[in-house]
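**Q** show me the folded form of this:
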Amino acid sequence: STKMADRQMEAMDYLEEHSIAELVEKMTSQLIYFRPDDPKAYLAQYLDGLIHKTEDYGVEPLFNADNAAAVFRTFDPSTRGWITLEQYNTAMRTLLLSKFNREPKGFVEDRVTCETFIEECSLAFSE
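**A** Numbers count the residues shown, from 1 in each chain. Prediction:
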């Protein structure tokens, strides 16, 4: 019915307006990456951190530079100190980030350093 379709559209608009799908994707990626013993408590802490972060209480984000460096190392097992642009894009998608810089520093040379990767992760997770 038209009424049902209107309600579905309203619901979809609401979810999109508030970036709910992205939030759920980020929470899922956090669970997969950290695999906490108590996932519900972890998600409650994650949401609490987001709330306080948006209110600028200085809460440390759950995904930090150490975590980003660990992900970088998985794409740089020979410890060259850089990954290719393709590896960078794959790493960002692995973290379920959809909004990230597609042309990070070093992309022209096809060499993205760990420092750049960490900076780009930080920026993407803060969106």
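**Q** which stretches of this structure form helices?
**A** For the chain, applying DSSP state H gives helices covering 2-17, 20-34, 39-54, 65-75, 85-94, 114-126.
**Q** so where is the protein shaky, pLDDT-wise?
**A** 50-64, 96, 127 (pLDDT under 70).
**Q** tell me how many other residues crowd Val108.
**A** Using other C-beta atoms under 10 Å, Val108 has 8 neighbouring residues. Every C-beta, even on glycine, is put in place using the N, C-alpha and C of the backbone.
**Q** what's near enough to touch it?
**A** Going by C-beta atoms under 8 Å, 6 or more residues apart in numbering, Val108 touches no other residue.
**Q** backbone phi and psi for it, please?
**A** Val108 has phi and psi values of phi -60, psi -40 when expressed as degrees, to the nearest 10.
**Q** so how far is Leu123 from it?
**A** Computed as C-beta to C-beta, to the nearest Å, the Val108 to Leu123 distance reads 19 Å.
**Q** re earlier: make CSV from the helices of the chain and add mean neighbour count and distance to Pro104 to it.
**A** Below are the helices of the chain laid out as CSV (neighbours: other C-beta atoms under 10 Å; distance: least, C-beta to C-beta, whole Å):
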stretch, mean neighbour count, distance to Pro104
helix 2-17, 10, 27
helix 20-34, 15, 19
helix 39-54, 13, 23
helix 65-75, 15, 12
helix 85-94, 17, 6
helix 114-126, 18, 5
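**Q** who wins for proximity to Asn101 among those helices?
**A** Among the helices of the chain, the nearest to Asn101 by C-beta to C-beta is helix 114-126 (5.3 Å).
**Q** counting contacts, what elements does that closest one pack onto?
**A** Counting contacts by 3 or more C-beta pairs under 8 Å, 6 or more residues apart in numbering; DSSP states H and E, helix 114-126 packs against helix 65-75, helix 85-94.
**Q** go again using 6 Å as the cut-off
**A** Using 3 or more C-beta pairs under 6 Å, 6 or more residues apart in numbering; DSSP states H and E, the elements in contact with helix 114-126 are helix 65-75.
**Q** okay, the helix it packs on in CSV with CA atoms only?
**A** Below are the C-alpha coordinates for helix 65-75, written out as CSV (Å, rounded to 0.1, in the frame of the first residue of the first chain):
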residue,chain,number,x,y,z
ALA,A,65,47.3,4.8,16.1
ASP,A,66,48.5,1.5,17.5
ASN,A,67,45.6,-0.3,15.9
ALA,A,68,46.1,1.4,12.6
ALA,A,69,49.8,0.5,12.7
ALA,A,70,48.9,-3.1,13.3
VAL,A,71,46.6,-3.1,10.3
PHE,A,72,49.3,-1.5,8.2
ARG,A,73,51.8,-4.2,9.2
THR,A,74,49.4,-6.9,7.9
PHE,A,75,49.7,-5.3,4.5
